[in-house]
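Asker: After the sequence you'll find the predicted model.
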Amino acid sequence: MSSKDLMSKLNEYIESCKKCGFCKSICPVLKVSDRIETYSPRGRILLLQGLYEGLLKPREYLARRLYCTLCGYCSIKCISGLELTEAYLIGRSFLMENGVVLDVISNLIKSIVSTDNPYNVDPSIKTMWLDYLPEKPPTKGKVVYWVGCTTSIRRPDSALAAYELIKTLVGSVAVLDSEPCCGWPLYLAGDVDGYKSQVGKALKVLEGFDVV
């Protein structure tokens, strides 16, 4: 999506926002930011409005305020029923399209490109949880267990538990030898092109399976 298309989509949120501030009462980021307005949901929308109207230029200052936790509490509180997190994602994509990339986001992108995970660890670590199984599962079949980067790297115990549960339910479940990153962290960061690239890689390795 071009910068022009992103701004057009963003304007839908800008025009619908009532600027009432109800969203501020529940924002966890605002609470730990000395209640500075630009770190609030309303503040982010106002910053995005400034971008849309050309009053503000794409720069790191804006990016630091748009990269909240995307918890979604503001959307729950919004009297207009806006999915405000979608507006933030559009803003992030717009900034990235215009060359504004925070160092932490740049490192995330490099990590996924080079190691196929957002933690910048050796890809082989993603399958280490398999060592705790009495026998190695098949790599082909009708059903495949997509483990994911976080589960396989940070929570191997959960990977084991999920595998055993699925196996109990379906009898036989395959596990990929090499699982690419699904790209979701890139989408959340605003790197839509990178996200699409990773999705393409994931879909390719999942060809032939009936259930994922």
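Answerer: Alright, I've got the coordinates.
Asker: For the chain, give me the ranges with low pLDDT.
Answerer: 1 (pLDDT under 70).
Asker: Which parts of it are strands?
Answerer: Assigned by DSSP state E, the chain shows no strands.
Asker: Regarding stretch 132-139, how distant is the last residue from the first?
Answerer: End-to-end distance of stretch 132-139: 17 Å, with CA to CA, to the nearest Å as the criterion.
Asker: burial measure for the nearest residue to I14 once chain neighbours are set aside, as a count.
Answerer: In space, and not counting its chain neighbours, I14 is closest to Q49: 4.8 Å by CB to CB, 6 or more residues apart in numbering. The C-beta positions use only the backbone N, C-alpha and C, and glycine is treated the same way. By other CB atoms under 10 Å, 18 other residues sit near Q49.
Asker: Repeat that for the one 3 residues further on.
Answerer: Each residue near Y52 was counted by other CB under 10 Å, and the total is 19.
Asker: Would you mind measuring from it to K4?
Answerer: Noted for Y52: a distance of 11 Å to K4, by CB to CB, to the nearest Å.
Asker: quick one: contacts for S197?
Answerer: Residues near S197 by CB atoms under 8 Å, 6 or more residues apart in numbering: G183.
Asker: Next up, the contacts around the residue of the chain most remote from its centre.
Answerer: The C-alpha centroid of the chain is most remote from P134, which lies 34.1 Å away (CA atoms, centre = their mean). For P134, the contact set (CB under 8 Å, 6+ apart) is empty.
Asker: Look up how far L47 lies from the residue nearest to M96 when sequence neighbours are not counted.
Answerer: For M96, ignoring the flanking residues on the chain, the nearest one in space by CB to CB, 6+ apart is G190 at 4.5 Å. For G190, the distance to L47 equals 15 Å [CB to CB].
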